[in-house]
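>>> all I have is the shape, not the residue letters:
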């Protein structure tokens, strides 16, 4: 089992819809969780970080964490074509010196 | 500097040659990471530095790969006897301390012919 797993997509949603991106992780002692966005040919940039169970909202983005189920998700409300990118889930593996492991990424396409 | 700087931005080399990739993190950032990203793939963890020491080297693909960091600043990733499968974008990132937001450099595109 991979340490961090995501559906590769592509996930296609119409403009204005809610995009839901999911991520599961294998290490129960993981402490910190991040969502990065990567446009084609560019480097990743941080969208959200979440450390506690529950929801965390920032503008159109909501991160959800469920440590019991080892599951973290990202919701994008009112999706825009400019949101089209690859979304990378990253998990900090606390008992391995804090290394940050990324999932394979989910490609999101928002159609006008 | 204002951001994470990587050099060179592009490197074309012949199979069997050694290459050295450089990363200048944001000043004051104690944590530094190297990742490899093959075309259309996710980020593959290579190595992580906390200060000048590397708590985890388990991601280095083979003994041809090595990395060091000096002065809690610049880091170099060296690949000896390059192979075609080493072709990828090598990304460096730094953070103020571990467990915090990563700032990525623009990467080095390595092509091994």
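The structure has been received and is ready for your questions. Not measured: the values here are computed from a predicted model.

>>> show me what from chain A comes close to chain B.
Counting by CB under 8 Å from any CB of the partner chain, chain A comes close to chain B at A:31-32, A:34, A:36, A:43-46, A:49, A:88, A:90, A:92, A:96-105. In this view, the C-beta of every residue, glycine as well, is placed from N, C-alpha and C.

>>> narrow those to those in strands?
A:32, A:34, A:36, A:45-46, A:49, A:88, A:90, A:92, A:99-102 (DSSP state E).

>>> from the residues of chain A next to chain B, list just the buried residues.
Among the residues of chain A next to chain B, those buried by neighbour count (16 or more other CB atoms under 10 Å in any protein chain shown) are A:32, A:34, A:36, A:43-44, A:46, A:49, A:88, A:90, A:92, A:96-105.

>>> can you read off the pLDDT for the closest residue to chain A within chain B?
Distances between chain B and chain A by CB to the nearest CB are smallest at residue B:55, namely 3.1 Å. Residue B:55 is assigned 81 on the pLDDT scale.

>>> if I've got this straight, it is in a strand?
Yes: applying DSSP: H, G, I helix; E, B strand; the rest coil, one finds residue B:55 inside a strand.

>>> isn't it right next to residue B:48, touching?
Yes: with contact defined as CB atoms under 8 Å, residue B:55 counts as touching residue B:48 (6.5 Å).

>>> residue contacts, residue B:72?
B:30, B:51-52 (CB atoms under 8 Å, 6 or more residues apart in numbering or on different chains).
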